[in-house]
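> Got a sequence here, can you model it:
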Amino acid sequence: MTHPEPPGRLDRPVDGRSDHILGNESAEVTLVEYGSYVCPHCRAANEEIARVRGQFGDRLRYVFRHLPIPGSEIARRAAELAESTHSNEEFWKVHMRLMTRSAQLTEEDIIVVTREVGLENEEPRQADLVAQNANTKIDADIRSAQASGVRFTPTFFINDRRYDGPWDESSLTDAMLGRLGHRMQSAALDFVAWGPSAGVLLLLATIVAVILSNSPAGVAFERLMHENVGFIIGTEAFGMSLRHWINDGLLTVFFLVVGLEIKREMTVGRLATTATAVLPIAAAIGGMILPALMYWLLIPSGPWTHGWGIPMATDTAFAVAIIAMMGRRVPVELRIFLTAAAIVDDIGSIAVVALFYSDELNLLYALAAMALGFLLWLFSRAHVYRVSMYLLLGVALWACVYASGFHASLAGITLALLIPTRPPANLRALIVQADTIIAAEAQRGDVLRHGPSLRALRALDAIHDRLESPADRLLRYAATRSSYLILPLFAVANAGVEITPGVLANHGPLMLAIVAGLFIGKPLGIMAACAIAVRLGIAAKPEAYSWQQLLGAAALAGIGFTMSLFIAGQAFTETTDFAAAKIAVFLASMLSAVVGALLLLTAGKRSTSRVTELAPSGIRP
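Take a look at the predicted model:
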């Protein structure tokens, strides 16, 4: 599953004994800049910082840390000059002179500033000591920048949090004042960047659904879910229940994201090469076949046989959330394996839904869907990169697929496979182009009052669009909305079950088949397939994780939840059958989560103990 880059935190807290602070040391707002004196962007941002400092006064303290541009001797010498001063006051005097003396810092500027502060007259021994201390401070700043995730200059931190917004005075002021919009955005980014967040939100939505179903409001909620919602175009009316809009409409976006992630993994990701793909592919196949076979052996005939697809699925969000909570106890390679296997599992689940859980086929709409798919393919082959065009055709494709009798999830997968990728852009050329456009606009007299011209904005939009392919852009926009909005809505709409003695008493065989398939069949199938693949020599298990850790990950794959509930909803039309299936999926998922987590925890402790025993005396990992 896709997660954004975690928000950067300042690695070394501001310390008046080692940092140069401009302003009140006890100010409520701290602005830290990692910069270089030869960086033109730092020199330009210096003017904005001066205005912000003037606006905040004693409420702001400003700290400058060095990150000299790599390979630039003059950048390092300028930093050494600033750090060779004997007081905080002298440092800021030199800092301002280096930032403002000329449009581009030169050797002559350094000589002149050195003379101005009288550093050229120091004794050699004293000068050597000063230079040594200066280099120590600069190197410490560089290490701090690397640990804080700084990739370019200038990079700002506001109250220990990296600021990724615009560098103009207004935007910086909004961030420093902590206005509601900025606080909400920061809180949302922090939550999304937390590894287990998607799984935790899904769990909370499930708890809400179960409580709601067993509360006095349960009847009213079910009535709301069955409320018909639609629209009329001319004489034609189209409507579905609210639950169907979620399951057949919004969930298509989830399948679109799954398709885009599959496409990415098979082109540039973990499934792109045979060496890395064989083991998770084998695991996924074994983890789908054995649960379905176990279900069929327990229910060989009768009205429940159609539910054989329920124990085949894995809920990636929950499985990855549990692994993320364990942190370093779980090797990165094992996380990669489980994610890749879950992606292949998704391919199988989607195929099962499309082939075995679709309604009676309407040939006319099926042909229309095929025609739209062909049109999407033509656009992709013709290098049409406008995302809006694909989204418009995607909506039409969804309507035709839904009306044809195939499950609407097929529309999301089809759109994901047909939307084009694109070779990486030449960033240097785009930077030169953007700089040229902005420089030309800056020469216009009315640009400060009215902003850039429409022509310039269109050109900059085109540059921005070229930075990523339509597939990558769509995945970036849709992934978080799928994980943090659509899946929780799906859980609220479908995970609720009224637990009654009748459901538990009359559906024992069905529940046993689902629990056995997910809790027993899933890990056994994965382990058997992996063992066979390794034994035959077509795959290799990485040394980074043990077989017990692999078993723990295989047990976590038994968390079916989202996809299992989805398939159960397609397989059973009887309310009591669906309710029993939901209870079984919950039970199997909880058992799989607990057992998988325990296996990984115990395996992680053994691995740590083993490393500690092997470590030389006095050294601990």
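
> for the stretch 1-150 of the chain, what spans make up the strands?
21-23, 29-35, 60-66 (DSSP state E, counting those that start in this stretch).

> What of the chain?
Per DSSP state E, the chain carries strands over the ranges 21-23, 29-35, 60-66, 155-158, 161-163, 228-233, 236-241.

> possible to save those strands as CSV with mean pLDDT?
What follows is the strands of the chain, written out as CSV (pLDDT from 0 to 100):
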stretch, mean pLDDT
strand 21-23, 92
strand 29-35, 93
strand 60-66, 94
strand 155-158, 92
strand 161-163, 88
strand 228-233, 79
strand 236-241, 78
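
> which one of those lies closest to P423?
strand 155-158 (28.9 Å; C-beta to C-beta). Heads up, the C-betas are built off the backbone N, CA and C, glycines and all.

> what sits up against the closest one?
8, 10, 29-35, 67, 145, 148, 162-163, 167, 172, 175-176 (C-beta atoms under 8 Å, 6 or more residues apart in numbering).

> re the thing from before, present the strands of the chain as CSV; the columns should include mean neighbour count and distance to C42.
Putting those into CSV (neighbours: other C-beta atoms under 10 Å; distance: least, C-beta to C-beta, whole Å) gives the following:
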stretch, mean neighbour count, distance to C42
strand 21-23, 19, 15
strand 29-35, 23, 4
strand 60-66, 23, 9
strand 155-158, 21, 10
strand 161-163, 19, 14
strand 228-233, 9, 54
strand 236-241, 12, 56
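
> nearest to A79, of those?
strand 60-66 (4.3 Å).

> what's around L105, how many residues?
A count of nearby residues for L105, using other C-beta atoms under 10 Å, gives 23.

> Phi first, then psi, for it.
Backbone geometry at L105, expressed as degrees, to the nearest 10, gives phi -60, psi 130.

> Not counting its neighbours along the chain, what's nearest it?
Closest residue to L105 apart from its sequence neighbours, by C-beta to C-beta, 6 or more residues apart in numbering: V38 at 4.9 Å.

> Tell me who's in contact with the one you found.
P68, I69, S72, I74, A75, A78, Q104, L105 are the contacts of V38 under C-beta under 8 Å, 6+ apart.

> now I69
S36, V38, C39, A75, T153.

> likewise E83?
By C-beta under 8 Å, 6+ apart, E83 lies in contact with H66, F91, N133, A134, N135, K137, I138.

> one more time with 6 Å
Applying C-beta atoms under 6 Å, 6 or more residues apart in numbering, we find E83 in contact with A134, K137.

> what do you get for L460?
Neighbour list for L460: empty [criterion: C-beta under 6 Å, 6+ apart].

> so what's it scoring on pLDDT?
pLDDT, L460: 88.

> I520 too?
I520 carries a pLDDT value of 95.

> Now the biggest helix by length in the chain: buried residues?
The residue-count maximum for a helix in the chain (DSSP state H) belongs to helix 575-614. Across helix 575-614, burial judged by 16 or more other C-beta atoms under 10 Å covers 577-586, 588-589, 591-593, 595-597, 599-600, 603-604, 607.

> now stretch 352-367
For stretch 352-367, burial by neighbour count (16+ other C-beta under 10 Å) applies to V352, V353, A354, Y357, S358, N362, Y365, A366.

> With stretch 480-497 instead?
Within stretch 480-497, the residues scored as buried using 16+ other C-beta under 10 Å are 480, 482-484, 486-488, 490-497.

> Rebuild the buried residues of stretch 352-367 as a markdown table, extending it with pLDDT.
Below are the buried residues of stretch 352-367 laid out as a markdown table (pLDDT from 0 to 100):
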| residue | pLDDT |
| --- | --- |
| V352 | 85 |
| V353 | 80 |
| A354 | 77 |
| Y357 | 78 |
| S358 | 72 |
| N362 | 84 |
| Y365 | 88 |
| A366 | 88 |
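
> Throw these into JSON lines and include distance to R97, thanks.
JSON lines is the format used below for the buried residues of stretch 352-367 (distance: C-beta to C-beta, whole Å):
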{"residue": "V352", "distance to R97": "70"}
{"residue": "V353", "distance to R97": "68"}
{"residue": "A354", "distance to R97": "69"}
{"residue": "Y357", "distance to R97": "73"}
{"residue": "S358", "distance to R97": "73"}
{"residue": "N362", "distance to R97": "77"}
{"residue": "Y365", "distance to R97": "73"}
{"residue": "A366", "distance to R97": "74"}
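
> who are the neighbours in contact with S171?
G165.

> ok, now K137?
By C-beta under 6 Å, 6+ apart, K137 lies in contact with E83.

> can you check V330 too?
Neighbouring residues of V330 by C-beta under 6 Å, 6+ apart: I323, L600.

> Quick one: low-confidence residue ranges for the stretch 101-250 of the chain.
Where the stretch 101-250 of the chain drops to pLDDT under 70, the residues are 119-127, 178-196, 236.

> how does it look with 80?
Filtered on pLDDT under 80, the stretch 101-250 of the chain yields the residue ranges 117-129, 168-170, 174-200, 202, 231-238.

> cool, and the stretch 401-550 of the chain?
Using pLDDT under 80, the flagged stretches of the stretch 401-550 of the chain are 407, 409, 441-452, 494-505.

> start to end distance for stretch 301-315?
This stretch, stretch 301-315, spans 27 Å end to end (C-alpha to C-alpha, to the nearest Å).

> which residues touch that stretch?
288, 291-292, 295-296, 299, 342, 345, 349, 352, 510, 514, 517-518, 557, 559-564, 567-568, 571.

> Any idea how many residues pack against D164?
Applying other C-beta under 10 Å, we find 12 other residues in the vicinity of D164.

> Likewise for Y477?
Counted with other C-beta under 10 Å, residues neighbouring Y477 total 12.

> could you measure it against G230, distance?
Distance of Y477 to G230, computed by C-beta to C-beta, to the nearest Å: 26 Å.

> One more: L391?
Taken as C-beta to C-beta, the span from L391 to G230 is 21 Å.

> quick one on the thing from earlier: out of the strands of the chain, which is closest to A439?
For A439, the closest of the strands of the chain is strand 29-35, at 21.7 Å, according to C-beta to C-beta.

> The closest one - contacts with which helices or strands?
Under the contact definition 3 or more C-beta pairs under 6 Å, 6 or more residues apart in numbering; DSSP states H and E, strand 29-35 sits against strand 60-66, strand 155-158.

> hmm, who's touching the first one?
Same thing as strand 60-66. So strand 60-66 is contacted by 14, 19, 21-24, 27, 29-34, 53, 79, 138, 141 (C-beta under 6 Å, 6+ apart).

> ok now that strand, how far from the chain's centre?
Once both centres are worked out by C-alpha atoms, centre = their mean, to the nearest Å, strand 60-66 turns out to sit 31 Å from its chain's centre.

> quick one on the thing from earlier: angles on the backbone of the residue nearest to L105, please.
According to degrees, to the nearest 10, V38 has phi -100, psi 0.

> Use 38 as the first number for this chain going forward.
Right, with 38 as the first residue, what we last looked at is V75.

> how near is it to P560?
With C-beta to C-beta as the criterion, V75 and P560 are 58 Å apart.

> before we move on, what about I468?
Separation of I468 from P560 (C-beta to C-beta): 50 Å.

> Which one of these two is surrounded by more residues?
Shown here are I468 and P560; by other C-beta under 10 Å, P560 has more neighbours (27 against 11).

> contacting residues for the closest residue to that one other than its chain neighbours?
Using C-beta to C-beta, 6+ apart and skipping the chain neighbours, the partner closest in space to P560 is A591 (3.9 Å). Contact analysis of A591 by C-beta under 6 Å, 6+ apart lists P560, I563, M564.
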